[in-house]
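**Q** Predicted model and sequence below, questions to follow.
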Amino acid sequence: MRGVDPEFLCKTNLFQGVTPEEATEMLGCLAACQKSYAKGDLIWVEGSPVASVGIILEGGVRVEGADVWGNASVMGSFSAGELFGEAFAALPEEPLLTNVVATTSPTRVLFIDVAHITHSCPRACPYHAQVAENLLASVARKNVLLARRIRDAAPKSIKGKLLAYLSTQSKLAGSHEFDIPFTRQQLADYLGVDRCALCSVIGELEREGKLTASRRHFLLPDVTGR
């Protein structure tokens, strides 16, 4: 397919374990199509059904939720090489709960019909099964991340949410010193809190000696004394 680099494709989660030659051959079987968007364009609209998973070839997308008063909140973001929409594409009768918006110009997305992944093609190519397994693993991985987010956001106070999140990141890193993948604004969006209030809490915790923070880098005290 023109404009799709098979080497790049094989580095994505969906095509992991597939060779560039096999990926090129599969694009026709999977009814793949490529679309380009400008910054701010709606890729998918809340309430609409989707049947395809999207792979970002260039640019990025943002997932936004909005209440009945029009207040928007960022639910997540994805960049080149990442997948989005797997769960809803697997349940095409389930309407989207969010909008998906392009964040840069251009943003190019490769859409693949999930039904063509879950149902073997007539040629029954062995690497088709690999892509189906990768799709399942991607959905499972995001469910784990969602479970972590629910746990991190469970405390009622901003301080509680932040400490729960940092505790999770410390355990994942296996160290009291670690980097997080978010800017302050992204962290505030992730926890569902106000950025200024979050920064205030971080400053308060630093003064109390409960953490040291520098941009995305955090150091927590070793309370075990080891």
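**A** On my side now, so go ahead.
**Q** Note down every partner strand of the least confident helix or strand in the chain by mean pLDDT and its orientation.
**A** When the helices and strands of the chain are scored by mean pLDDT, DSSP states H and E, strand 72-79 comes last with a mean of 80. Sheet pairing of strand 72-79 (DSSP bridges) gives strand 60-66 (antiparallel).
**Q** For the partner strand, give the mean pLDDT please.
**A** Mean pLDDT, strand 60-66: 88.
**Q** Quick check: mean pLDDT of the helix or strand containing S167?
**A** Using DSSP states H and E, S167 maps to helix 158-173. For helix 158-173, the mean pLDDT works out to 93.
**Q** who touches it?
**A** For helix 158-173, contacts defined as Cβ atoms under 8 Å, 6 or more residues apart in numbering pick out 148, 151-155, 176, 178, 180, 187, 190-194, 197-198, 201-202, 204-205, 210-211, 218, 220. For every residue, glycine as well, the C-beta is placed using N, CA and C.
**Q** hmm, back to that, show me which parts of the least confident helix or strand of the chain are buried, residue by residue.
**A** By neighbour count on 16 or more other Cβ atoms under 10 Å, the buried set for strand 72-79 is V74, M75, G76, S77, F78.
**Q** any weak-confidence spans in the protein?
**A** Scanning the chain with the threshold set as pLDDT under 70 gives 68-69, 72, 120-124, 223-226.
**Q** Name the nearest residue to P106, sequence neighbours excluded.
**A** S36 (5.0 Å; Cβ to Cβ, 6 or more residues apart in numbering).
**Q** Check which helices and strands the helix or strand hosting R149 is in contact with.
**A** In the assignment (DSSP H and E), R149 maps to helix 126-153. Here helix 126-153 touches helix 20-29, helix 86-90, helix 114-118, helix 158-173, helix 184-191, going by 3 or more Cβ pairs under 8 Å, 6 or more residues apart in numbering; DSSP states H and E.
**Q** Going by neighbour count, list what's buried in it.
**A** Within helix 126-153, the residues scored as buried using 16+ other Cβ under 10 Å are Y127, H128, Q130, V131, A132, N134, L135, S138, R149, D152, A153.
**Q** do the same with stretch 95-112
**A** For stretch 95-112, burial by neighbour count (16+ other Cβ under 10 Å) applies to 96, 98-104, 107-112.
**Q** End to end on it, go ahead and measure it.
**A** Separation of the first and last residues of stretch 95-112 by Cα to Cα, to the nearest Å is 18 Å.
**Q** Over to stretch 31-42?
**A** With Cα to Cα applied, stretch 31-42 spans 22 Å between its terminal residues.
**Q** List the buried residues in it.
**A** Across stretch 31-42, burial judged by 16+ other Cβ under 10 Å covers A32, Y37, D41.
**Q** Is it possible to get a markdown table of these that adds distance to E25?
**A** Shown next, in a markdown table, are the buried residues of stretch 31-42 (distance: Cβ to Cβ, whole Å):
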| residue | distance to E25 |
| --- | --- |
| A32 | 11 |
| Y37 | 27 |
| D41 | 31 |
